[in-house]
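In: I would like the atomic coordinates for the input below:
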Amino acid sequence: MTVLVEEYWREIGAGFAEHAIPVRHFVLHADQDTLRGRIAGDNVLGPNSPFRLKYLEPYAEAARTWLHDEAEVVDTTHLTPAQAALQIAEAVKN
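Out: Numbers count the residues shown, from 1 in each chain. Now for the predicted structure:
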């Protein structure tokens, strides 16, 4: 799940902490051009999904202001899904 509102993330994190549930927070990042290209070629929600496009700027703003400071960022700009998954699996193992 992508949480783009810091207040919501704080509430979710506090809820997990209250129940002693450990969380590893990963952000799968890609630059804006890559994201636009992926959205343009999306065969699930359809090319140029308005739903996905409307979250590009809110994601960029969250990434600039707080999101990347709160998470382990995996830059997927030049990774396949399998490579990104392997990078996360390796991080979790260590």
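
In: for the protein, which segments count as helices?
Out: In order along the chain, the chain carries the following helices (DSSP state H): 6-18, 32-40, 50-53, 56-65, 81-93.

In: now the second one against helix 56-65, angle please.
Out: Calculated by axes from the mean of the first three to the mean of the last three CA atoms, to 10 degrees, helix 32-40 forms an angle of 150 degrees with helix 56-65.

In: touching the helix or strand of the chain with the lowest mean pLDDT from outside, list them.
Out: For the chain, scoring each helix and strand by mean pLDDT, DSSP states H and E identifies helix 50-53 as the least confident one, at a mean of 94. Residues external to helix 50-53 that are found in contact with it (CB atoms under 8 Å, 6 or more residues apart in numbering): 36, 39, 42, 45. Just so you know, the C-beta spots here come from the backbone N, C-alpha and C atoms, and that holds for glycine as well.

In: what about burial for these, which qualify?
Out: Buried members of those, counted by 16 or more other CB atoms under 10 Å: residue 39.

In: do you know which of the helices of the chain lies nearest residue 24?
Out: For the helices of the chain, the distance to residue 24 is smallest for helix 81-93, at 6.2 Å, taking CB to CB.

In: buried residues in the least confident helix or strand of the chain?
Out: With the criterion 16+ other CB under 10 Å, helix 50-53 contains buried residues residue 52.
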